[in-house]
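**Student:** Okay, predicted coordinates and the sequence, questions at the end:
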Amino acid sequence: MRIMTVPCDGIGPEIVGAALNVLETVNKRFNLEMSFHEEEAGFVSLANHGITLREEVLDRARNDFDGVLLGTQSHMDYPPLVEGGRNVSAGFRLGLDLYANVRPARSREFVPNKAPGMDLVIMREATEGFYPDRNMYEGVGEMKPDPDMALSVRKITRHASTRICRQAFMLAMQRRKKVAAIHKANSFLMTDGLFLECFRNVAKDFPEVETEELIVDAFAALIVRKPETYDVVVATNFYGDILSDLASELSGSLGLAGSINANAETGLCCAQAQHGSAPDIAGKNIANPTAMILSAAMMLKWLGDQRGVGKLVDAGTEIETAIDAAIQNPETRTADLGGNLKTDAFGNLIAQAVSG
């Protein structure tokens, strides 16, 4: 099994390095037969190749690899697209059709949080929606007809809505059998209306699953008031992006927020922490690599489930258990959680814990 590593920008090289340390350890312990190959993206690629993400990198990821370990990107600081500033994250999601952005949020009683009992997974559609760089065949979905007017186009399709809803229901069948669809159909009558239509159609195939439809602003309040209520939450791209950050911060910290981008039909999976590149602390060895390590564990478990390979699932579970054990002790946390461990030291700690 081949894994592509893409350190990218800011703290990306540091947290990817910590995650790779852990993956190499479980690779040996569980005999996973993984190999790792690094590719350039972000500012390094821009300097060396004139573009932040080359098409040949995506071609290799699509044809030669099983998974991707993708670091953080500083795309707000990239030059315009015509000058080589391609959004790396969007490039992977669109280029590999990684439509399911899976973002769990779980409160831990030993980590300060504002949402006791939260244990949910947000299934975010990642290939369309209110994102100008991924809703047009050619060109982008934002335009300025004159200097004082800006317009943005939103795309919602039956195909994309149906497949993310199906993945949400399939996940719910493995959990507590509840799915909440998030929408704003009272305002976006056609686009969110189409999403809800797809949700209801898919629900017919899963009569055991309890469903709920919630307006996005109401859900933002309810997730604070009664976080323990929700199991699987499915949403279009824009809503899912915002709500997953809210859920992760309520449950403890974005520093603990792992995620994957996946395509169940092609079998491709990309591990990617939810948080940003934090350029202000880059190179200082103080970033929390937990989200990246948890994302790597999620990737192993997802690949294991898809392929029926139990030892991949076992390896991912072992990593998650080691993370919980480490952050339960205030002395073995990184600075953002009140501890003193450096990025590499935390990675070494988890690697040692999973070494057997």
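**Tutor:** Noted; the coordinates are in hand. Please read these numbers as outputs of a predicted model, since none were measured by experiment.

**Student:** give the contact list for Ile11.
**Tutor:** Contact partners of Ile11, counting by CB atoms under 8 Å, 6 or more residues apart in numbering, are 71-72, 277-279, 281-282, 287, 343. Any C-beta I mention is one placed from the backbone N, CA and C, and that applies to glycine too.

**Student:** roughly how far apart are the closest residue to it other than its chain neighbours and Asp245?
**Tutor:** Sequence neighbours aside, Ala287 is the residue nearest to Ile11 in space, at 3.9 Å (criterion: CB to CB, 6 or more residues apart in numbering). Distance, Ala287 to Asp245, using CB to CB, to the nearest Å: 17 Å.

**Student:** With neighbour numbers in mind, choose between the two.
**Tutor:** Higher neighbour count among Ala287 and Asp245: Ala287, with 30 against 17, using other CB atoms under 10 Å.

**Student:** unless I'm mixing things up, that one is touching Ser277, no?
**Tutor:** No: look at Ala287 against Ser277 with CB atoms under 8 Å: they stay out of range, at 9.5 Å.

**Student:** burial of Asp97, as a residue count?
**Tutor:** 18.

**Student:** Now for the nearest residue to it once chain neighbours are set aside: which residues touch it?
**Tutor:** The shortest distance from Asp97 to any non-neighbouring residue, by CB to CB, 6+ apart, is to Asn263 (5.3 Å). Contact analysis of Asn263 by CB under 8 Å, 6+ apart lists 96-100, 269.

**Student:** Could you export the residues you listed to CSV, including columns for secondary structure, distance to Asn63 and pLDDT?
**Tutor:** Below are the contacts of Asn263 laid out as CSV (DSSP: H, G, I helix; E, B strand; the rest coil; distance: CB to CB, whole Å; pLDDT from 0 to 100):
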residue, secondary structure, distance to Asn63, pLDDT
Leu96, coil, 10, 96
Asp97, coil, 13, 96
Leu98, coil, 15, 97
Tyr99, coil, 19, 97
Ala100, strand, 20, 98
Cys269, strand, 15, 97
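
**Student:** Scan those and report the most crowded one.
**Tutor:** Going by other CB under 10 Å, Cys269 tops the contacts of Asn263 with 27 neighbours.

**Student:** Beta-bridge partners for it, please?
**Tutor:** Gly67, Ala262 (DSSP bridges).

**Student:** Distance check, it against Ala297.
**Tutor:** 12 Å.

**Student:** And Pro80, by the same measure?
**Tutor:** 36 Å.

**Student:** Tell me which of the two has more neighbours.
**Tutor:** Ranked by neighbour count (other CB under 10 Å), Pro80 and Ala297 place Ala297 first, with 29 against 7.

**Student:** That one against Ile319, yeah?
**Tutor:** Yes: counting by CB under 8 Å, a contact exists between Ala297 and Ile319, whose distance comes to 3.8 Å.

**Student:** Dig out what the residue lying farthest from the centre of the chain forms beta bridges with.
**Tutor:** Ranked by distance from the centre of the chain (CA atoms, centre = their mean), the top residue is Asp146, with 36.3 Å. Beta bridges link Asp146 to Met149, judged by DSSP bridges.

**Student:** Start and end of stretch 61-71, how far apart?
**Tutor:** 15 Å (CA to CA, to the nearest Å).

**Student:** Can you give me the buried ones in it?
**Tutor:** By 16 or more other CB atoms under 10 Å, the buried positions in stretch 61-71 come out as 61, 65-71.

**Student:** do the same with stretch 349-356
**Tutor:** For stretch 349-356, by 16+ other CB under 10 Å, it's 349-351, 353-354.

**Student:** Show me how far that stretch is from its chain's centre.
**Tutor:** Relative to the centre of its chain, stretch 349-356 is centred 24 Å away, using CA atoms, centre = their mean, to the nearest Å.

**Student:** what is the mean pLDDT for it?
**Tutor:** Mean pLDDT, stretch 349-356: 96.

**Student:** just stretch 210-225 next, same as before
**Tutor:** The average pLDDT within stretch 210-225 is 97.

**Student:** can you list contacts of that stretch?
**Tutor:** With contacts defined as CB under 8 Å, 6+ apart, stretch 210-225 is touched by 114-115, 118, 177-186, 196, 199, 203, 229-230, 233, 235, 239, 243, 246-247, 250.

**Student:** Of those residues, keep whichever come out buried.
**Tutor:** Buried, going by 16+ other CB under 10 Å: 115, 118, 178-185, 196, 199, 203, 230, 233, 235, 239, 243, 246-247, 250, out of those.
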